[in-house]
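Enquirer: with the input below, show me the fold.
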Amino acid sequence: MAEQSKEIKRRIKSVSNIKQITRAMELVSTSKLRKSRQKLELTRPYYNTVESSIREILANTKGVKYDLLERREVKNRLIIVLTSDRGLAGGYNINVIRKAESYIDDKVGTKFILVGVEAREYFKRRYDGIVKEFSYISEEPSFNNAAKIGNICYDLYRKKEIDEVLLVYTHFSTVLSLVPSMVKLLPAESIEKEGNMENRLIEYEPSAEEVLNRLVKDYISITIFGAMIESAASEQASRRNSMKNATDNANDMLESLSLRFNRARQAQITQEITEIVSGANALN
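Expert: Numbering: from 1, shown residues only. A predicted model of the protein is given here:
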């Protein structure tokens, strides 16, 4: 009985230590989530402005042919996958990885740009065609890194080495609503379909094609940057939720272990009293 009490006490200490770690990680993730959400709120207006500018140009340059807007037969596809550099984030990584895998087709050549250690470790063991890897940039997204990824996509598409670019990330809706999502970056036909603004007489310098070329490149980069920020916020929200659940489970386990420990102690005391009384009765 004494050995059982010691074992329960050891488990209580172990669970308490784990609870301290999960609680600390929960607080850290909450702080990082707050910063990521602020950054997200600042980025969305810029993205919307660039997108509306492209639509306005398209509405006023119906005769302009631009290869980044033209659909062509998809023989090779590039998938950009945004994951985290660390685990302990619940289903955040595996959900976005499964979303990316759903767009892998045996009939279409597939290449990858992987952002995050989790994506790198998963895809490198299972697939070929890794174009570029980016590690340890997921928690602190920068526009420079997004522009690097965008330039790679732009160059490969213009050289016709790929016919389609998909961006797979986690959309941050609320702290409890994190949705694995896909955006087709190239061809940027979704912008053209919605470019139905009122026609106006506008002159572009040096030309509409040059302005459109710059804006579409900016659109690609800012879309990637926005997705990176959405993913960063989603990662912290998922980790916060996971650590909170782990802390709650630790509290439940501590309550159960404390109850078991008290029962074991009571049984031990009862046994000791019984032995004392039995010994006293034997002497009498």
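
Enquirer: where do the helices sit along the stretch 51-200 of the chain?
Expert: 92-101, 117-124, 143-158, 189-193 (DSSP state H, counting those that start in this stretch).

Enquirer: distance to residue 209 and mean pLDDT added to these, as CSV?
Expert: Bear in mind the C-beta positions are built from the backbone N, C-alpha and C, glycine included. Below are these laid out as CSV (distance: least, CB to CB, whole Å; pLDDT from 0 to 100):
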stretch, distance to residue 209, mean pLDDT
helix 92-101, 33, 94
helix 117-124, 35, 93
helix 143-158, 14, 92
helix 189-193, 14, 57
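
Enquirer: Throw those helices into a markdown table and include distance to residue 206 and mean neighbour count, thanks.
Expert: A markdown table is the format used below for the helices of the stretch 51-200 of the chain (distance: least, CB to CB, whole Å; neighbours: other CB atoms under 10 Å):
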| stretch | distance to residue 206 | mean neighbour count |
| --- | --- | --- |
| helix 92-101 | 39 | 20 |
| helix 117-124 | 40 | 20 |
| helix 143-158 | 19 | 18 |
| helix 189-193 | 22 | 15 |
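
Enquirer: out of the ones you listed, which comes closest to residue 246?
Expert: For the helices of the stretch 51-200 of the chain, proximity to residue 246 was assessed by CB to CB; helix 92-101 is nearest, at 14.5 Å.

Enquirer: ok now that closest one, how far from the chain's centre?
Expert: Counting by CA atoms, centre = their mean, to the nearest Å, helix 92-101 is centred 9 Å from the centre of its parent chain.

Enquirer: what comes into contact with it?
Expert: Helix 92-101 is contacted from outside by 79, 81-84, 87, 116, 118-119, 122-123, 168-170, 178, 180-182, 231, 234-235, 238-239, using CB atoms under 8 Å, 6 or more residues apart in numbering.

Enquirer: quick one, it and helix 117-124 angle?
Expert: Helix 92-101 runs at 40 degrees relative to helix 117-124, counting by axes from the mean of the first three to the mean of the last three CA atoms, to 10 degrees.

Enquirer: got the CA positions of helix 92-101 in PDB?
Expert: C-alpha atoms of helix 92-101 as PDB (Å, rounded to 0.1, in the frame of the first residue of the first chain):
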ATOM      1  CA  TYR A  92      -2.900  22.300 -37.900                       C
ATOM      2  CA  ASN A  93      -0.100  20.800 -39.900                       C
ATOM      3  CA  ILE A  94      -1.700  17.500 -40.900                       C
ATOM      4  CA  ASN A  95      -4.900  19.200 -42.100                       C
ATOM      5  CA  VAL A  96      -3.100  21.600 -44.500                       C
ATOM      6  CA  ILE A  97      -0.800  18.700 -45.700                       C
ATOM      7  CA  ARG A  98      -3.900  16.600 -46.500                       C
ATOM      8  CA  LYS A  99      -5.400  19.500 -48.300                       C
ATOM      9  CA  ALA A 100      -2.300  19.800 -50.500                       C
ATOM     10  CA  GLU A 101      -2.200  16.100 -51.200                       C
END
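
Enquirer: surely residue 181 touches residue 166?
Expert: No: at 10.6 Å, residue 181 and residue 166 do not qualify as touching, with contact defined as CB atoms under 8 Å.

Enquirer: perfect, I'm done here.
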